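J.: 3D model of this:
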Amino acid sequence: MRKDILQRLAEGPVLGDGGYLLELEKRGYVQAGPFTPEVVIEHPDALAQLHREFLRAGVDVLQTMTFYASDDKLATVGLQGKVDAINRNAVQVARQVAGEGDAL
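T.: As a prediction, the model looks like this:
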């Protein structure tokens, strides 16, 4: 059975992932500036691959790519009405990859 976050914390340090925006920008999937997480619906495979790389590096917790995924932020780049699709997809991709290993 997979350990929950409290069990992991009781055992010692818990490693999280990070650097999604910078790495996805380096790979050409997002552009610096008015960042929105549209990569979640435009390039979900690229996001899943980055999650897998963090998983292989030994993280305990994967984040969802939902930073700035709100109606007001998405409207600034013409993606109003996409908040639900982006957030649901971000959670689905992170959960799927976490399930491939032992991450939360």
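J.: please count neighbours and contacts with C-alpha atoms only from this point.
T.: Fine.
J.: now the helices for this structure?
T.: Secondary structure of the chain, counting by DSSP state H: helices at 5-11, 20-26, 39-42, 44-56, 71-75, 83-99.
J.: can I get these in TSV with mean pLDDT and mean neighbour count?
T.: Output for the helices of the chain, formatted as TSV (pLDDT from 0 to 100; neighbours: other C-alpha atoms under 10 Å):
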stretch	mean pLDDT	mean neighbour count
helix 5-11	97	11
helix 20-26	89	15
helix 39-42	92	18
helix 44-56	97	18
helix 71-75	89	16
helix 83-99	97	18
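J.: right, and these - which one's nearest Thr64?
T.: helix 83-99 (5.3 Å; C-alpha to C-alpha).
J.: what's that closest one packed up against?
T.: helix 39-42, helix 44-56 (3 or more C-alpha pairs under 8 Å, 6 or more residues apart in numbering; DSSP states H and E).
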